[in-house]
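J.: Sequence and predicted model, in that order:
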Amino acid sequence: MFGLEALDLARIQFAFTISFHILFPAITIGLASYLAVLEGLWLKTRDDTYRDLYHFWSKIFAVNFGMGVVSGLVMAYQFGTNWSRFSDFAGAVTGPLLTYEVLTAFFLEAGFLGVMLFGWSRVGRGLHFFSTVMVAIGTLISTFWILSSNSWMQTPQGYEIVDGRVIPVDWLAVVFNPSFPYRLLHMSIAAFVATAFFVGSSAAWHLLRGRDTPAIRRMLSMAMWMALLVAPVQAVIGDFHGLNTLKHQPAKIAAIEGHWENVGNEPTPLILFGLPDMKAEKTRFAVEIPYLGSLILTHSLDKQVPALKEFPPEDRPNSTIVFWSFRVMVGLGLLMIFTGLCSLWLRRNDRLYQSRPFLHLVLWMGPSGLVAILAGWFTTEIGRQPWVVYGLMRTADASSGHSFTQMSITLVLFVVVYFALFGAGLSYMMRLVRKGPVAHEAEPTDGGPGQKRTPARPLSAANEGDEEMDHNDRSNKGN
């Protein structure tokens, strides 16, 4: 069907599930740190606006965290069901790394998450803030181990191959492999940028509908400061990441650039746009800028960038896809920097909250960070092909060998279940966003078992909390 084989369906299924999953941890990482900042500012200033924002975003965090956990479980099972040969070959490395993630990060998050979501009026201010910080740190530790595992698959180090299996011989080299520092920083910053635009877009939506409150303004202001400061940093990290990829995965860079062959000793041009044709081995309708490819990728005007024709056809990534996924990521990144600069100019002219064209821009930029993350992951993973462990194991040798019919049925089931389950979750989360933060006025009454203030499930944090925060504030004032 459509020229696809069982291996293609296995890859599509993994790409589909990880594309859903990666969105939730990205927002979880950013929101966890944002909540820690909000609570810290509230403790320092006693400005109730920070408290209101904390509770508003903690409800959204709870829903997002739950969907991230559910979608993450599927990823672990797929290593055994669809990619068992990969697990047999490299499980001695990837298995412990993922186990370390569970033992250090997940247990840390799970241990303090309940206090963070339900303990506002039940524990002291210091302990609650400590719990929020621990959850934020847990998300970053989780990122550390996940990116270490993925980076090892991109640039494997510290191993020996014994009886057809990878055996780790130097765990420091395994964990801190050559591409790991760049990927860790790039993904962490991407999560913060994506969250900033998610928060900023929510504020812009309310301002465009005439809901101009201190909390809404604070949301927009904090989001735009984050975008202004962090988006340019992401561009610099991306440049270093590109240099590292050029050193360790030159075929990926050649595919990203749509660069097929070098001419004599001429510097490499930068192809802005075009249509890479894998069969014809050329990029059609190429719009080039002379010298710029060498300048960006080698930081010189005379060095050449490796070309795709320097690699055997079976070792070439699909340039048609990664050429455009990379440009989507970079284009959105430039728009993020532009949005941050616009916010600074409007702030200086005291029009940040009144400029409707700017608010519309921020609103439409809301999903830009998540789209850029997906585009970046497509570039990274498809650009690694045809290897599942770069230079060691091909993707075709890593699959479990299921039939086309089996993979077709499971792929259809995944699509149906994911859109139904996570569609409902996302719809509920956006409904919370549309409600917006509210000021706390009424003091709640204490409830017993079965009452509203005794949560029975994690997502009940999305429905309780306004009362708890206000109750705690009043109790603390009484003390």
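T.: That came through, no problem. Predicted, not measured: the structure shown is a model, and the values here were computed from it.
J.: what about this protein, any weak spots by pLDDT?
T.: Along the chain, segments meeting pLDDT under 70 span 1-3, 440-479.
J.: Strands along that one, start to end?
T.: Assigned by DSSP state E, the chain shows strands spanning 159-162, 165-168, 270-277, 282-289, 387-389, 393-394.
J.: any chance of those strands in a markdown table, with mean neighbour count and distance to residue 212 too?
T.: From N, CA and C alone the C-beta is placed, and that goes for glycine too. A markdown table is the format used below for those (neighbours: other CB atoms under 10 Å; distance: least, CB to CB, whole Å):
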| stretch | mean neighbour count | distance to residue 212 |
| --- | --- | --- |
| strand 159-162 | 13 | 58 |
| strand 165-168 | 16 | 57 |
| strand 270-277 | 17 | 41 |
| strand 282-289 | 14 | 44 |
| strand 387-389 | 22 | 52 |
| strand 393-394 | 17 | 57 |
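J.: what's the closest of those to residue 420?
T.: Comparison of the strands of the chain against residue 420 by CB to CB identifies strand 387-389 as nearest, at 30.2 Å.
J.: still on that earlier bit, among the strands of the chain, which is nearest residue 337?
T.: Going by CB to CB, the one of these nearest residue 337 is strand 270-277, 17.8 Å.
J.: Report the distance from that closest one to the chain centre.
T.: Between the centre of strand 270-277 and the centre of its host chain there is 27 Å, according to CA atoms, centre = their mean, to the nearest Å.
J.: by contact count, what packs against it?
T.: Contacting strand 270-277 under the criterion 3 or more CB pairs under 8 Å, 6 or more residues apart in numbering; DSSP states H and E are the following elements: helix 250-257, strand 282-289, helix 292-298, helix 319-348.
J.: before we move on, the earlier item: to residue 115, which of the strands of the chain lies closest?
T.: When the strands of the chain are ranked by proximity to residue 115, the top entry is strand 165-168, at 36.0 Å, counting by CB to CB.
J.: same for that closest one, what does it pack against?
T.: Using 3+ CB pairs under 8 Å, 6+ apart as the contact criterion, the neighbours of strand 165-168 among helices and strands are helix 84-100, strand 159-162.
J.: Might you quantify the distance of the first one from its chain's geometric centre?
T.: Yep, that's helix 84-100 we're talking about. Helix 84-100 has its average C-alpha position 22 Å from the chain's average C-alpha position, going by CA atoms, centre = their mean.
J.: May I have that helix exported as PDB, CA atoms only?
T.: Listed in PDB are the C-alpha atoms of helix 84-100, where the atom choice follows Å, rounded to 0.1, in the frame of the first residue of the first chain:
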ATOM      1  CA  SER A  84      13.300  -5.800  19.900                       C
ATOM      2  CA  ARG A  85      16.400  -6.400  17.900                       C
ATOM      3  CA  PHE A  86      17.600  -2.900  18.800                       C
ATOM      4  CA  SER A  87      16.800  -3.600  22.500                       C
ATOM      5  CA  ASP A  88      18.800  -6.800  22.200                       C
ATOM      6  CA  PHE A  89      21.700  -5.100  20.600                       C
ATOM      7  CA  ALA A  90      21.900  -1.800  22.600                       C
ATOM      8  CA  GLY A  91      19.800  -2.600  25.700                       C
ATOM      9  CA  ALA A  92      22.900  -2.800  27.900                       C
ATOM     10  CA  VAL A  93      23.300   1.000  27.300                       C
ATOM     11  CA  THR A  94      19.900   2.400  26.800                       C
ATOM     12  CA  GLY A  95      18.200   0.200  29.500                       C
ATOM     13  CA  PRO A  96      20.300   1.600  32.400                       C
ATOM     14  CA  LEU A  97      20.100   5.100  31.100                       C
ATOM     15  CA  LEU A  98      16.300   5.000  31.100                       C
ATOM     16  CA  THR A  99      16.300   3.200  34.500                       C
ATOM     17  CA  TYR A 100      18.400   6.100  35.900                       C
END
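J.: So what's the residue count around the nearest residue to residue 226 once chain neighbours are set aside?
T.: Computed as CB to CB, 6 or more residues apart in numbering, the closest residue to residue 226 that is not its neighbour in sequence is residue 196, at 3.9 Å. Here the number of neighbours of residue 196 (other CB atoms under 10 Å) works out to 27.
J.: Verify the stated contact: residue 196 with residue 221.
T.: No: when contacts are counted by CB atoms under 8 Å, residue 196 is not listed as touching residue 221 (11.3 Å).
J.: Good, wrapping up.
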